[in-house]
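**Student:** need a 3D model of the sequence below.
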Amino acid sequence: MIKDVLITKLDVVDTPGGNVMHAMKRSDAGYIGFGEAYFSKIEKGAIKAWKRHKKMTLNLVVPIGKIRFILFDDRESSSAQFQEVIISKSNYCRLTVPAMVWVGFQGLSNDGSMLLNIANIEHNSSEVERLGIESITYDWSIS
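**Tutor:** Numbers count the residues shown, from 1 in each chain. Model (predicted):
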């Protein structure tokens, strides 16, 4: 596990006509304020990598589909490490990613997937760092 990364199981409440899927409450671990929430769609096999925020904490939820997240922590170069988390209906949880951890993700669902990010601050392009997928060596093949 990467330091300060949280994986929080979330409740799905079965109701007639469609489920209620919890995402985040103010009292939850990982909640450190609200700046914005946004959705991102990702098609099967597509990879979006690499990005890290200097200040923003991400709270990632996948209400539709299945997404593989790869986190890379190089904050201490002598102990750089990867962490993989797959979120889907069968593993419904919230992934909290602290600032300064690289994030990449890959769509795994045939019908595409939807990602919700509940961020503690509003997006500001000056606090985001981006690298090309080839800049951090990782085997994205699916076994």
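
**Student:** contacts only, for the closest residue to P63 other than its chain neighbours.
**Tutor:** Closest residue to P63 apart from its sequence neighbours, by CB to CB, 6 or more residues apart in numbering: M21 at 5.2 Å. Backbone N, C-alpha and C define where each C-beta goes, glycine included. Contacts here follow CB atoms under 8 Å, 6 or more residues apart in numbering; on that basis M21 touches L10, D11, V12, V13, V61, P63, Y92.

**Student:** W50: which of those is nearest?
**Tutor:** The nearest member of those to W50, counting by CB to CB, is V61 at 20.6 Å.

**Student:** next one: the closest one, what pLDDT does it get?
**Tutor:** pLDDT recorded at V61 is 98.

**Student:** low-confidence stretches in this protein?
**Tutor:** Within the chain, not a single segment meets pLDDT under 70.

**Student:** count the neighbours of S79 for me.
**Tutor:** S79 has 9 neighbours, counted by other CB atoms under 10 Å.

**Student:** phi and psi next, for it.
**Tutor:** Phi and psi for S79, reported as degrees, to the nearest 10, are phi -130, psi 40.

**Student:** go on, S77?
**Tutor:** Per degrees, to the nearest 10, the backbone of S77 is at phi -60, psi -30.

**Student:** which of the contacts of M21 has the most neighbours?
**Tutor:** Neighbour-wise, the contacts of M21 (other CB under 10 Å) top out at V61, 23 neighbours.

**Student:** ok so that residue is a helix residue?
**Tutor:** No. Applying DSSP: H, G, I helix; E, B strand; the rest coil, one finds V61 to be strand, outside a helix.

**Student:** hey, what's it bridged with?
**Tutor:** R94, L116 (DSSP bridges).

**Student:** quick one, what contacts it?
**Tutor:** If you count contacts by CB under 8 Å, 6+ apart, then V61 has L10, M21, A23, M24, I87, C93, R94, L95, L115, L116, N117, I118 around it.

**Student:** element containing R52, please.
**Tutor:** Taking DSSP states H and E as the definition, R52 sits inside strand 47-53.

**Student:** flag every buried residue along that strand.
**Tutor:** Buried residues in strand 47-53, counted by 16 or more other CB atoms under 10 Å: A49, W50, R52, H53.
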